[in-house]
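Participant: give me a 3D structure for the following:
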Amino acid sequence: MYTKYLLEIISLDRLDDFVNTIKKHINISDIVCLEGELGAGKTTFVKAFLKSYGFENVSSPTFSIINEYQLKDFTVLHCDFYRIDDAKPFLDYIKEKQKEAIVFIEWPKDIDCTKKLTITNIGKEKRLFKLCF
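Facilitator: Numbering: from 1, shown residues only. Here you go, the predicted structure:
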């Protein structure tokens, strides 16, 4: 499924630089699975991604399940399926929006993703990021 990857170890204070490097690989209609342990930085990554487009008011979708952000040229859906057992009821909505959106899904369950970003906490505010595409 994935043929290329970008791998980088960064400190969280350099996350904005990392996002600017990889955002050319994340396109409208992509569904990006975000994988990593609790506290690895999945939501922090999405916040930095949206910030790179000038959007500052970002919150975690832990309880809302899906947060939707309308940017100038496209929409970003930020989903968190940690608290749900079955993601299928949300898939129709995601597929409906996908053509005009970039979709980030934390804790993907039964989702076909076009890209995968794995975040591994390696201590002292450092993370290993691996983007597969």
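Participant: low pLDDT regions in the chain?
Facilitator: 1 (pLDDT under 70).
Participant: which parts of it are strands?
Facilitator: Shown for the chain, the strands assigned by DSSP state E span residues 5-11, 31-35, 66-70, 75-80, 101-106, 115-123, 126-132.
Participant: could you list the paired strands of the first one along with their orientation?
Facilitator: Using DSSP bridges, the strands paired with strand 5-11 in its sheet are strand 126-132 (antiparallel).
Participant: so which residue is dead centre in the protein?
Facilitator: Phe104 (3.6 Å; C-alpha atoms, centre = their mean).
Participant: name whatever forms a beta bridge with it.
Facilitator: Val32, His78.
Participant: residues touching it, list them.
Facilitator: Phe104 makes contact with Val32, Leu34, Val46, Phe49, Val76, Leu77, His78, Cys79, according to C-beta atoms under 8 Å, 6 or more residues apart in numbering. To be clear about C-beta, it is placed using only N, CA and C from the backbone, and glycine gets the same treatment.
Participant: how about those residues, which pair is most distant?
Facilitator: Phe49 and Cys79 (13.8 Å; C-beta to C-beta).
Participant: returning to what we had before: what about the residue nearest to the centre of the chain, distance to Val76?
Facilitator: With distances taken as C-beta to C-beta, to the nearest Å, Phe104 is found 7 Å from Val76.
Participant: now for the two: what residues contact both?
Facilitator: Val46, Phe49.
Participant: include distance to Asp86 when you put the strands of the chain into TSV, please.
Facilitator: Shown next, in TSV, are those (distance: least, C-beta to C-beta, whole Å):
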stretch	distance to Asp86
strand 5-11	30
strand 31-35	17
strand 66-70	14
strand 75-80	13
strand 101-106	14
strand 115-123	21
strand 126-132	25
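Participant: which of those strands sits most buried?
Facilitator: Of all the strands of the chain, strand 101-106 carries the top mean neighbour count, a mean of 24, counting by mean count of other C-beta atoms under 10 Å.
Participant: between that one and strand 115-123, how many degrees?
Facilitator: 40 degrees (axes from the mean of the first three to the mean of the last three C-alpha atoms, to 10 degrees).
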